[in-house]
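A.B. asks: build me a structure from this.
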Amino acid sequence: MLAAPVLQDTGRTDKEFPVGFFDRFKRVVKANLNSAISKAENPEKMLNQLITDMNQQLIEVKKSVAGAIADEKRIERQMNEQLKQSADWENRAILALKAGKEDLAREALGRKRESDEYAGQYREQWESQHQAVEKLKTHLRGLQQKIEEAQRKKNLLIARSKRVEAQKRIHETMGGLSDTSAFEVFDRMNRRIEDMEAETEALGELVNSGSTEDDIEKQFQALEGSSGGTPDTMLEDLKQKIALEGPQGDTAQNTGDVEDDDLAELKKKLQDDESSGS
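C.D. replies: The predicted structure follows:
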């Protein structure tokens, strides 16, 4: 009799195998998430680390699924091997009958039946493993989609986190500005500058008013200086004065002679002054 082949029990049924792996994955991710949320020091760092952990767990799950697929392939090869042996024993039985050896043909058919029985057992195990593997593949695809979705949500959550942080800083800044001491300093400086501007304008008005008085004084001095008249005007005035007095006989004649002498002397004096000045 041919030794019976040993059927390897993978220990993974169509119900227990997928649930066990993915339940473990969920527990690990949930534990990491709760731990990260409890710390919550840096949301961006927390989410990045969470995605890293999920991808690491995904790698482990893929390894397990790959192992299940390898078990399925091994069982399938063993089943096909038993089917091939069954066909070989059948051919040998035919060959023995043709040679007229019925006992040998009967032995070959007995081996064929054993191979068929083992092949049937392998087929049952392979079908069960195949169903489990298909479920694993389906769960794995769903898991990958969830991780991809988590990756997209991570970016949105980080953006929201940064927006909240910016709003928090704005509120803190506004809260700090609620202290009016800084604004009071600005008000005092504003009043001080206004006072300085007023003082500057007052000084400017004083300077301008002094200049106006000086201008008026100069104008009056010019008028007063011109009140005596030039030599020409003085000469005309003197002629008019003499004309008003008119001739008075010999006295007037004598006076005229005296005046002529005076005029000659005055002219001579003016010429001498001009000569000495030149």
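A.B. asks: quick check: closest non-adjacent residue to residue 69.
C.D. replies: Ranked by C-beta to C-beta, 6 or more residues apart in numbering and with sequence neighbours excluded, the top spatial neighbour of residue 69 is residue 133, at 5.4 Å. All C-beta atoms are positioned from the backbone trio N, CA, C, and that covers glycine.
A.B. asks: against which helices or strands is the helix or strand hosting the one you found packed?
C.D. replies: Element membership for residue 133 (DSSP states H and E) is helix 102-177. With contacts taken as 3 or more C-beta pairs under 8 Å, 6 or more residues apart in numbering; DSSP states H and E, helix 102-177 sits against helix 16-39, helix 43-98.
A.B. asks: I figured the residue nearest to residue 69 was touching residue 72, is that so?
C.D. replies: Yes. When contacts are counted by C-beta atoms under 8 Å, residue 133 is listed as touching residue 72 (5.0 Å).
A.B. asks: ok, residue 89 - contacts?
C.D. replies: Neighbouring residues of residue 89 by C-beta atoms under 8 Å, 6 or more residues apart in numbering: 108-109, 111-112, 115.
A.B. asks: could those residues go into CSV alongside pLDDT and distance to residue 264?
C.D. replies: Listed next are the contacts of residue 89 as CSV, based on pLDDT from 0 to 100; distance: C-beta to C-beta, whole Å:
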residue, pLDDT, distance to residue 264
108, 92, 187
109, 93, 188
111, 94, 184
112, 93, 183
115, 94, 179
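A.B. asks: quick one: low-confidence parts of the stretch 1-150 of the chain?
C.D. replies: 1-41 (pLDDT under 70).
A.B. asks: quick revisit: distance to residue 264 added to the helices and strands packed on helix 102-177, as a markdown table?
C.D. replies: Listed next are these as a markdown table, based on distance: least, C-beta to C-beta, whole Å:
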| stretch | distance to residue 264 |
| --- | --- |
| helix 16-39 | 128 |
| helix 43-98 | 121 |
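A.B. asks: pick the most deeply packed of the ones you listed.
C.D. replies: helix 43-98 (a mean of 16; mean count of other C-beta atoms under 10 Å).
A.B. asks: quick one: it to helix 102-177, angle?
C.D. replies: Relative orientation of helix 43-98 versus helix 102-177 (axes from the mean of the first three to the mean of the last three C-alpha atoms, to 10 degrees): 170 degrees.
A.B. asks: the residue nearest to residue 69: neighbour count?
C.D. replies: Neighbours of residue 133 under the rule other C-beta atoms under 10 Å: 22.
A.B. asks: gap between it and residue 264?
C.D. replies: Distance from residue 133 to residue 264, counting by C-beta to C-beta, to the nearest Å: 155 Å.
A.B. asks: what's the local residue count around residue 108?
C.D. replies: Residues contacting residue 108 under the criterion other C-beta under 10 Å number 20.
A.B. asks: surely it touches residue 87?
C.D. replies: No. Look at residue 108 against residue 87 with C-beta under 8 Å: they stay out of range, at 11.5 Å.
A.B. asks: now list whatever residues contact both of those two.
C.D. replies: Joint contacts of residue 108 and residue 87 (C-beta under 8 Å, 6+ apart) do not exist.
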